[in-house]
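A.B. asks: got a structure for you, letters missing:
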């Protein structure tokens, strides 16, 4: 789990740009209640990224999981 002082919206903008520039294909993207989640893939790799506000401190929690993808 990663943590940043940036708000979820700013972190989401960063990942939107990184996913596009990195050549990742977006399999799904959901946003609800101040959170965001991505599932992406490219060249035999897959990843899921979840963004959520940290309780009580205004920071953002970032969870990234990677896995092989056909």
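C.D. replies: Yep, it's here. Here the structure is a predicted model, which is why all the values come from computation and not from measurement. Numbers count the residues shown, from 1 in each chain.

A.B. asks: alpha carbons only for contacts and neighbour counts from here, please
C.D. replies: Noted.

A.B. asks: check whether the residue most central in space within the chain sits in a helix, strand or coil.
C.D. replies: By C-alpha atoms, centre = their mean, the chain has its centre lying nearest to residue 49, at 3.3 Å. Of the three states, residue 49 takes strand under DSSP: H, G, I helix; E, B strand; the rest coil.

A.B. asks: hang on, residue 20 is in a helix, isn't it?
C.D. replies: Yes - counting by three-state DSSP, residue 20 is found in a helix.

A.B. asks: distance of it from residue 14?
C.D. replies: Distance, residue 20 to residue 14, using C-alpha to C-alpha, to the nearest Å: 10 Å.

A.B. asks: re the thing from before, ok, and the closest non-adjacent residue to the residue nearest to the centre of the chain?
C.D. replies: Ranked by C-alpha to C-alpha, 6 or more residues apart in numbering and with sequence neighbours excluded, the top spatial neighbour of residue 49 is residue 64, at 4.6 Å.

A.B. asks: and what of residue 38?
C.D. replies: Per C-alpha to C-alpha, 6+ apart, closest to residue 38 is residue 29, 4.5 Å.

A.B. asks: just checking, that neighbour touches residue 35?
C.D. replies: No - using C-alpha atoms under 8 Å, residue 29 is not in contact with residue 35, being 10.8 Å away.

A.B. asks: buried set for the host helix or strand of residue 17?
C.D. replies: Using DSSP states H and E, residue 17 sits within helix 8-21. Within helix 8-21, the residues scored as buried using 16 or more other C-alpha atoms under 10 Å are 8, 11, 12, 19.

A.B. asks: identify, from those residues, the entry nearest to residue 69.
C.D. replies: Within these, the smallest distance to residue 69 is 16.2 Å, found for residue 19 (C-alpha to C-alpha).

A.B. asks: can you pull the pLDDT of the closest one?
C.D. replies: pLDDT for residue 19: 96.

A.B. asks: residues touching it, list them.
C.D. replies: Residue 19 makes contact with 25, 26, 40, according to C-alpha atoms under 8 Å, 6 or more residues apart in numbering.

A.B. asks: just the buried ones from those?
C.D. replies: Looks like the contacts of residue 19 have 26, 40 buried, using 16+ other C-alpha under 10 Å.
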